[in-house]
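Participant: here is the input, now give the coordinates:
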Amino acid sequence: MKLVEIIREETKYLLSGRVPLLLIILGLPIFFTILFGVIYGENVVNHIPMVIYDQDQSSLSRTLIQMYTDSERYDVVSYVSTQEDMEAAINNGEALVALAIPNDFSKNVKKGIGADIMLIANSTNNMFGNAALSSAQEINRSFSVAVGQKLMEGLNQLPVDAMNATYPVHLGVRILNNPVNGYAPFMLSGLMLNGFQIGLMIAAAPVLITECVRRRYGREYSSFLVMIGKGIPYWGFGLLAYLLALVVVVHVFAVPMRGSWWDAAVLGGAFDFFVMNVMLLFSSCSRTRVLSMQMPMVYIMPGLLYSGLSWPSFDMNEIAGFLSLLLPMTYAGDNLRDILLAGYAPALWADCAKMLLGGCIAGSIALGIFSLRRRETLREGGTADGDTADHTA
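Facilitator: Numbers count the residues shown, from 1 in each chain. Modelled structure (predicted):
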């Protein structure tokens, strides 16, 4: 059977060579997962270098400083005695955060008129600024409640009454699915998908232009049969690569799998289908093998930015929202994260259908272009333009 013959030959091609293409398909998603998983191993941002400027030098100010020192979020690197030294520590990179306590801090607190302290954060990297702001608010709230309770107890109120008077509204917080706000659960699955796209791009993007140039199959093989036969091995090995990388995400980097592996596999299969057909489209449009791997980079690289993984899609402007509709990551990233962390993905089946539709559209256009180019090269019987250009490159 002709289709089986093409599949067998393409599989043999994937397994041959000094560095088989199959290693790229299987290895790049795992490599990306390990590379970024190691970076996000700490899961949260801790040990932010801090400088302290304590003008008050009182027992109360030292208590507040001790609360910051006890937090894993900060590493106090120095104490300064002037505002200039504090600003210099921030500007020269010695510290990323500074805590400034005024000289009337203790007196104003005891008088009950309130006191201001200043937290200065170098937020050139938002992760530092956001982590410092959230933890500082928590520390200051705890400190304020403790101090207020002591003041009320000094007015002969019982501890419970003093606490209720100082902190009358108790906020209960329940964070679902990612309670520690960890970066590995938040980003690692999306980075794995991006590595998968790049691996499939390197392997599959030259498929159709190679056939146009080398003309391995003659007129007795239809263009549809050639494209399907060549595409099936890439889709199958791509799905295997996706599942192996997902195993690394879950079992090596401890990202929870609260949902169904079956749902994750279906999502991966649809994502694989969409990406593969997009690569075939680029391949059919390219004049050389080199160009077939360069052109898709413009399409692949914005995937993380426009997918909604790091910036929510509902808050994108109209242009960004439209561009996101064209990218496979838009339909796979959030769904995979929902399966992992929440246990279910409400949009799973709708987005899988969209990826299958997108793959069919891209594949149909690729087939049309490939058929025209292949017919032309078969009719001429000579060397295609892309052949010369490819050997020159």
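Participant: show me where the protein dips below the pLDDT cut-off.
Facilitator: 41-43, 148-149, 151-176, 178-181, 381-393 (pLDDT under 70).
Participant: show me what the lengthiest helix in it is packed up against.
Facilitator: When the chain is parsed with DSSP state H, its longest helix is helix 348-380. With contacts taken as 3 or more CB pairs under 8 Å, 6 or more residues apart in numbering; DSSP states H and E, helix 348-380 sits against helix 207-214, helix 223-251, helix 261-285, helix 328-341. All C-beta spots, glycine's among them, are computed from the backbone N, C-alpha and C.
Participant: quick one: closest of the ones you listed to residue 81.
Facilitator: Closest to residue 81 of the helices and strands packed on helix 348-380 is helix 328-341 (CB to CB; 47.0 Å).
Participant: for that closest one, packing partners?
Facilitator: Looks like helix 328-341 contacts helix 183-204, helix 261-285, helix 303-306, helix 348-380 (3+ CB pairs under 8 Å, 6+ apart).
Participant: now the angle from the longest one to helix 261-285?
Facilitator: Orientation check (axes from the mean of the first three to the mean of the last three CA atoms, to 10 degrees): helix 348-380 against helix 261-285 gives 30 degrees.
Participant: so how far is helix 348-380 off the chain centroid?
Facilitator: In terms of CA atoms, centre = their mean, to the nearest Å, the centre of helix 348-380 is found 28 Å from the chain centre.
Participant: please apply the same query to the shortest one.
Facilitator: Offset of helix 303-306 from its chain centre (CA atoms, centre = their mean): 9 Å.
Participant: I'd like the next helix or strand past that helix.
Facilitator: Going down the chain from helix 303-306, the next helix or strand is helix 318-324, by DSSP states H and E.
Participant: report the buried residues of that following helix.
Facilitator: Within helix 318-324, the residues that count as buried by 16 or more other CB atoms under 10 Å are residue 324.
Participant: returning to that earlier point: make TSV from the helices and strands packed on helix 328-341 and add distance to residue 150 and mean neighbour count to it.
Facilitator: Listed next are these as TSV, based on distance: least, CB to CB, whole Å; neighbours: other CB atoms under 10 Å:
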stretch	distance to residue 150	mean neighbour count
helix 183-204	38	24
helix 261-285	53	24
helix 303-306	49	20
helix 348-380	53	17
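Participant: what's the nearest residue to residue 142 if we skip its chain neighbours?
Facilitator: residue 67 (6.9 Å; CB to CB, 6 or more residues apart in numbering).
Participant: that neighbour: what secondary structure?
Facilitator: helix (DSSP: H, G, I helix; E, B strand; the rest coil).
Participant: that one: how many residues sit nearby?
Facilitator: Residues within reach of residue 67, counting by other CB atoms under 10 Å, total 15.
Participant: hang on, it packs against residue 139?
Facilitator: Yes - the pair residue 67 / residue 139 is scored as a contact, 5.1 Å apart, by CB atoms under 8 Å.
Participant: quick revisit: who wins for proximity to residue 120 among the helices and strands packed on helix 348-380?
Facilitator: Nearest of the helices and strands packed on helix 348-380 (CB to CB): helix 328-341, 34.0 Å.
Participant: how much space between residue 308 and residue 185?
Facilitator: Separation of residue 308 from residue 185 (CB to CB, to the nearest Å): 16 Å.
Participant: might you report the residue contacts of residue 229?
Facilitator: By CB atoms under 8 Å, 6 or more residues apart in numbering, the residues touching residue 229 are 2-3, 5-7, 10.
Participant: try it again with 6 Å
Facilitator: 3, 6-7 (CB atoms under 6 Å, 6 or more residues apart in numbering).
Participant: can I get the residues you listed in CSV with distance to residue 198, neighbour count and secondary structure?
Facilitator: Below are the contacts of residue 229 laid out as CSV (distance: CB to CB, whole Å; neighbours: other CB atoms under 10 Å; DSSP: H, G, I helix; E, B strand; the rest coil):
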residue, distance to residue 198, neighbour count, secondary structure
3, 28, 14, helix
6, 25, 22, helix
7, 24, 18, helix
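Participant: which of those residues sits closest to residue 316?
Facilitator: residue 7 (40.4 Å).
Participant: can you tell me the SS state at residue 345?
Facilitator: Put simply, residue 345 is coil when judged by three-state DSSP.
Participant: am I right that it is in contact with residue 336?
Facilitator: No - applying CB atoms under 6 Å, one finds residue 345 not in contact with residue 336, separated by 7.7 Å.
Participant: neighbour count: the two, which is higher?
Facilitator: With neighbours defined as other CB under 10 Å, residue 345 and residue 336 compare such that residue 336 has more, 26 against 22.
Participant: what's the closest non-adjacent residue to the more buried one?
Facilitator: In space, residue 336 is closest to residue 189, 4.9 Å off (CB to CB, 6+ apart).
Participant: the longest helix of the chain versus helix 328-341: what angle between them?
Facilitator: 140 degrees.
Participant: so helix 348-380 versus helix 223-251, what angle?
Facilitator: 140 degrees.
Participant: taking helix 207-214 as reference, get the angle to helix 348-380.
Facilitator: Going by the same axes, to 10 degrees, helix 348-380 makes 10 degrees with helix 207-214.
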